[in-house]
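Participant: The following block contains a protein sequence and its predicted model.
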Amino acid sequence: MVLGFNASEIIEFTKIYLAVFYSIVATFYTFRLINKKRQNGKSLVFSGKPFCKTWWNHIAFRFFRISIWMVCLFRLFYPNIDNYLGMINILELPSVITLGLILLTVGFLSTALIHYSLGKEWRSGIDPSGPARVITSGAYQFSRNPMFVCIAVAQLGFFFAMPSIFSLVCLTIGLYTLNSQTLEEEIHLSKKFPIEYAAYASKVRRWV
């Protein structure tokens, strides 16, 4: 038991929490992108040329983000969907699920904070004309990709909060996509700031 709740109560609470959480996440990103486009007069989402690596990364990320949201909503109203998600019963423990909810929440909140800390420098994907400089302050003092680290933490949290084959596939592909996108962005930054980025990369780790 965790804080007086048994496994079944934690699982039921988690169903509600995940549905509400991912609805908030979807709303946050939607309004964030709309607001940024209104402020700058153009979209700040750069997927890259069709069928290139970054394009596929964006497609995969969007597909699984929407899939996770939909699954969490359907799971709230149609509990039998668990029969098709490949639930890993051995991990459906109050301690594991609670840890998952904490990681999920902390990961998202940290990502949102980094979003706002970037201000006008924020972009989704690789802006061919940007960035204007190599960002080395704030969270970027400790990791070259702090936002991706936070997203990975949230993704791991989702797996623990809803341990299943579905969430494991999302985690695996999510981590692969984040790593792939990171490598592409580092290539871009190395070409744009060969001296500055090399010096930065020699001092700060890619992840943590």
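Facilitator: Here it is on my side, so go on.
Participant: switch to C-alpha atoms for all contacts and neighbour counts from now on
Facilitator: Will do.
Participant: Roughly how far does F28 sit from F108?
Facilitator: 11 Å (C-alpha to C-alpha, to the nearest Å).
Participant: neighbour-wise, which of those two wins?
Facilitator: F108 (20 against 12; other C-alpha atoms under 10 Å).
Participant: Go ahead and confirm that one touches A152.
Facilitator: No: taking contacts as C-alpha atoms under 8 Å, F108 lies outside contact range of A152: 9.7 Å.
Participant: can you list contacts of stretch 110-123?
Facilitator: Residues from elsewhere that reach stretch 110-123 (C-alpha atoms under 8 Å, 6 or more residues apart in numbering): L44, V45, F46, P131, A132, G138, A139, P146, M147, F148, C150, I151.
Participant: any idea which of those residues is the one closest to W69?
Facilitator: The nearest member of the contacts of stretch 110-123 to W69, counting by C-alpha to C-alpha, is I151 at 15.2 Å.
Participant: so the closest residue to that closest one other than its chain neighbours is in which element?
Facilitator: Leaving aside its chain neighbours, I151 sits nearest to G107 (5.9 Å; criterion: C-alpha to C-alpha, 6 or more residues apart in numbering). Using DSSP states H and E, G107 maps to helix 94-118.
Participant: ok so, going back, which residues does the residue nearest to I151 contact?
Facilitator: C150, I151, A152, V153, A154.
Participant: Residues in contact with the strand or helix carrying the third one: which ones?
Facilitator: If I follow you right, that is A152. Assessed by DSSP H and E, A152 sits inside helix 146-161. Contact with helix 146-161 is made by 14, 91, 96-108, 110-111, 114-115, 139-140, 167-168, 170-171, 174-175, 178, 207-208, as judged by C-alpha under 8 Å, 6+ apart.
Participant: could you flag which of those residues are buried?
Facilitator: 14, 91, 96-108, 110-111, 114-115, 139-140, 167-168, 170-171, 174-175, 178 (16 or more other C-alpha atoms under 10 Å).
Participant: Now the contacts of G107 in JSON lines, please, with extra columns for distance to K36, neighbour count and pLDDT.
Facilitator: Shown next, in JSON lines, are these (distance: C-alpha to C-alpha, whole Å; neighbours: other C-alpha atoms under 10 Å; pLDDT from 0 to 100):
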{"residue": "C150", "distance to K36": "21", "neighbour count": "22", "pLDDT": "97"}
{"residue": "I151", "distance to K36": "20", "neighbour count": "23", "pLDDT": "97"}
{"residue": "A152", "distance to K36": "24", "neighbour count": "21", "pLDDT": "97"}
{"residue": "V153", "distance to K36": "25", "neighbour count": "23", "pLDDT": "98"}
{"residue": "A154", "distance to K36": "24", "neighbour count": "25", "pLDDT": "97"}
